[in-house]
Structures are given as C-alpha cells and as structure tokens.
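Engineer: compute the structure for the input listed below.
(2 chains)
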Amino acid sequence: MTSSSASARKALSKIACNRLQKELVEWQVNPPAGFKHKVTDNLQRWVIEVTGAPGTLYANETYQLQVDFPEHYPMEAPQVIFLHPAPMHPHIYSNGHICLDILYDSWSPAMTVSSICISILSMLSSSTVKQRPEDNDRYVKNCRNGRSPKETRWWFHDDKV
Amino acid sequence: MITSGILYLSNWFSLANGINYKCLVIGSSLNLAIRWHAVASWTWDAHDETCGICRMAFDGCCPDCKLPGDDCPLIWGVCNHAFHLHCILKWVNSQTSQAHCPMCRREWQFKGSE
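Structural biologist: The predicted structure is shown next:
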C-alpha cells in the first residue's frame, strides 16, 4: 500500500547509512526480545517480525512491521507500519498505520529501530481490548491513495494504551 | 642522541575547549641537553562514549568529517548532554519550532549561550 511512495524515496545519506549499519550490527548482537529482523540486502527497508508478549492479549500471535528510512534518518523519523493483517488494537488502523507519538511529533534522533520496537510491543501489551480505533473506516478511506502515516496530522488523545 | 631514555605518559590535562590531552614524553637524563619528544593524544571530556545522534565514538568524528578533534568538535547543551556539533546542528536546523535535546527532550540551548 505504501510501496510506491517508499521506492520513490531518495537514497540514504551518509550519516543515515552509517547509523543504520551500526544499528543492524547492534541488533544482531542484542536483538530486542520478541522481535526478529528478516534479513534482506535492503538497508532502507527493514521487515521485522514481532511476537506478542506472553500473558497479553497478543500472546503467541505474530505480526510484521515494515520500517522505511528517509534520506535524512535519524533527523527524521522512519515510517513504521504493520503489514497486513495488522493486530486489532485501539491505536492501530486496519491499513497498518500506528497512532504512536514517537513515530511522528515526538521523534528524537537518539531513538533507534530497537527502541521503537520496544515501544510498539509495550503498546500492544498494555491493551485491554482487541478492537480498531473508533474512526478506523473514515481514516482508512482517507488513506486510499497510498498516503504515508507521516502525512497524517495525528491527534494523540490517550497515553494509557 | 638519546643513549638511554625514559618513557612515560603524562596525566590527562584539560584545555578550555573541553578536550583532554595526554603526552607521551621520551627523555634522557644522560645527555647534557635533555631532549624530549612529545606525542599528544587526546579524548573528549564527555560522559558518554558515543554521540547519541550518529552513534559514532566521541573520540572519532561525525560521519561527514574525516578528522576528529578541532575540525569536528563536541558541543554541550545546558542540560549537559553532548553531541558532535555537526550532528546537533543538523537536528536543530531540521526542526521548524524549538528543538529539544534528543536525549532528555528539554529545550535545546547551547551551553554558554544563555
């Protein structure tokens, strides 16, 4: 759904390339618990498998995250979406877009793929209901032309889940 | 000519620019004129070892530079977090509103500029 916009993206800058190579090495030595990086030769797009934490609503369920890095990463946040099917969660839309502030307004260049993954797993783990956001249909319809979630003007209204 | 030499490493000493220096001193006491060669090494006086933005060592330089040291200096914020000057400038310049420290999210202000 977002592949066209991602492939048209500019190549990684030197600083982005350098940092991603370091993050990849660090990931191989010390991967975040519950995540598996699917090895490809594409440094600019990572596909990561996430398994729900034991004792949570998503225990033993496996989902896939797609992480696309912009030219000026880490000055700019990566685009992170769930590939189909996205987990049922009050902050995850059926098109895979995730309503999580650190991916947009609250991004900091000190964050890493690994710290993003931990935030997403924590968001899944603290969920008490498996349901879509209230405005799911309206939002997904609005994104039909393959719009990136980074173009959405998010409104973060809930810091509990 | 140095016939027998002593070789020792000086203690770290700091200069105003935040760099710590260390000298390797080779000297001889047998010669009338004591000759010595100093080889300076240095390290940044930062608490972390790597820049939180580019993840490169502070003793090295940012990915856009070739030589560490004065050409690729470290800079501190009032929150006491340090970054390569080039890295924090890229971050600050990429923000449309007030930039925040990448580590602690406090408003970013260069130390000594307030």
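Engineer: contacts only, for A:Ser127.
Structural biologist: Contact analysis of A:Ser127 by Cβ atoms under 8 Å, 6 or more residues apart in numbering or on different chains lists A:Thr56, A:Leu57, A:Tyr58, A:His89, A:Pro90, A:Val161. (C-beta placed from N, C-alpha, C; glycine too.)
Engineer: A:Tyr139: what's its closest spatial neighbour, skipping adjacent residues?
Structural biologist: A:Tyr93 (5.5 Å; Cβ to Cβ, 6 or more residues apart in numbering or on different chains).
Engineer: on that earlier part again, drop anything exposed from the contacts of A:Ser127.
Structural biologist: Buried positions within the contacts of A:Ser127, assessed by neighbour count (16 or more other Cβ atoms under 10 Å in any protein chain shown), are A:Thr56, A:Leu57, A:Tyr58, A:His89, A:Pro90.
Engineer: wait, isn't the first one in contact with A:Leu124?
Structural biologist: Spelled out, that is A:Thr56. Yes: taking contacts as Cβ atoms under 8 Å, A:Thr56 lies within contact range of A:Leu124: 6.7 Å.
Engineer: what ranges does the chain have for its strands?
Structural biologist: Looking at chain A here, since you left the chain open. Under the criterion DSSP state E, chain A contains strands at A:35-38, A:45-51, A:62-68, A:79-82.
Engineer: switch to chain B, that's the one I care about
Structural biologist: B:6-9, B:13-14, B:19-27, B:37-44, B:74-76, B:82-84.
Engineer: so where's the chain uncertain?
Structural biologist: Using chain A here. By pLDDT under 70, the weakly predicted segments of chain A are A:1-8, A:157-161.
Engineer: oops, I was thinking of chain B
Structural biologist: In chain B, residues with pLDDT under 70: B:1-48, B:113-114.
Engineer: up against chain A, what does it have?
Structural biologist: B:52-56, B:62-64, B:87, B:90-91, B:94, B:100, B:102-103, B:105 (Cβ under 8 Å from any Cβ of the partner chain).
Engineer: quick one, which of these are buried?
Structural biologist: Buried, going by 16+ other Cβ under 10 Å: B:52-56, B:62-63, B:87, B:90-91, B:100, B:102-103, out of the residues of chain B next to chain A.
Engineer: farthest pair within those?
Structural biologist: B:Pro63 and B:His100 (22.3 Å; Cβ to Cβ).
Engineer: and the biggest helix by length in chain A, C-alpha only, in PDB?
Structural biologist: As assigned by DSSP state H, the longest helix anywhere in chain A is helix A:14-29. Only the C-alpha atoms of helix A:14-29 are listed here, as PDB (Å, rounded to 0.1, in the frame of the first residue of the first chain):
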ATOM      1  CA  LYS A  14      25.900   9.100   4.500                       C
ATOM      2  CA  ILE A  15      25.000   9.700   8.200                       C
ATOM      3  CA  ALA A  16      21.800   7.600   7.700                       C
ATOM      4  CA  CYS A  17      23.700   4.700   6.000                       C
ATOM      5  CA  ASN A  18      26.400   4.700   8.700                       C
ATOM      6  CA  ARG A  19      23.900   4.700  11.600                       C
ATOM      7  CA  LEU A  20      21.700   2.000  10.100                       C
ATOM      8  CA  GLN A  21      24.700  -0.200   9.600                       C
ATOM      9  CA  LYS A  22      25.600   0.300  13.300                       C
ATOM     10  CA  GLU A  23      22.000  -0.400  14.300                       C
ATOM     11  CA  LEU A  24      22.000  -3.600  12.300                       C
ATOM     12  CA  VAL A  25      25.200  -4.800  14.000                       C
ATOM     13  CA  GLU A  26      23.800  -3.900  17.400                       C
ATOM     14  CA  TRP A  27      20.500  -5.700  16.600                       C
ATOM     15  CA  GLN A  28      22.400  -8.800  15.600                       C
ATOM     16  CA  VAL A  29      24.400  -8.800  18.800                       C
END
